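Engineer: Sharing a model prediction with you, sequence too.
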Amino acid sequence: MGDLELVFLQYVGKTPSLAGCAKCRMKFFTPQQLMKQPQAAAEYLWEKFARHTCKGEILEARARTVKTRGLRIVKDIDGASGICEICNMQFQAPVYFRSLAEQAEKHIRRQFDRHRCTRREAS
């Protein structure tokens, strides 16, 4: 799906103290000894990010291999919604995505990828 992206979440002064992977939401903290060195702290966080195994990629790979579940996207005047073809669970896009069809579909697909079917046929 998307590329990996490091997001700086918190700063202490000019030093980044917390960062995270935008895809899997794994967090990286700056060690105390680097808190007075903004450049070194940023490099440390980038290095930790580069070395991490993104759970988002693992989940995407797993979702691609599961072929028993299907998602049906329905677009109408009120926006977009999705239905799991196995358990009939419905997923709605937020109202603010009404005019952004691509974003709405991505939101619905994320919800679908995270859900677990409740019917026995799904397992």
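Structural biologist: Cool, got the structure.
Engineer: so where do the helices sit in this structure?
Structural biologist: Listed in chain order, the helices of the chain (DSSP state H) span 38-51, 55-65, 101-114.
Engineer: contacting residues for the residue lying farthest from the centre of the chain?
Structural biologist: The C-alpha centroid of the chain is most remote from residue 36, which lies 31.5 Å away (Cα atoms, centre = their mean). Residues in contact with residue 36 (Cβ atoms under 8 Å, 6 or more residues apart in numbering) are residue 15. The C-beta positions use only the backbone N, C-alpha and C, and glycine is treated the same way.
Engineer: Just the pLDDT for it.
Structural biologist: Turning to residue 36, the model gives it a pLDDT of 94.
Engineer: Distance check, it against residue 13.
Structural biologist: 9 Å (Cβ to Cβ, to the nearest Å).
Engineer: Where does the prediction get shaky in this structure?
Structural biologist: 1-4, 56-68, 77-78, 119-123 (pLDDT under 70).
Engineer: at 80 what do you get?
Structural biologist: Counting by pLDDT under 80, the ranges of the chain that qualify are 1-4, 53-70, 74-80, 94-101, 117-123.
Engineer: Show me the domain layout of it.
Structural biologist: Per automatic domain parsing, the structural domains of the chain span 6-60, 67-122.
Engineer: who wins for proximity to residue 92 among the helices of the chain?
Structural biologist: Shortest distance between residue 92 and the helices of the chain, using Cβ to Cβ, is found for helix 101-114: 7.6 Å.
Engineer: which residues sit against the closest one?
Structural biologist: Residues contacting helix 101-114 (Cβ under 8 Å, 6+ apart): 59-60, 63, 69, 71, 73, 75, 79-82, 84, 91-94, 97-98.
Engineer: Report the buried members of those residues.
Structural biologist: 60, 69, 71, 73, 79, 80, 81, 82, 84, 91, 93, 97 (16 or more other Cβ atoms under 10 Å).
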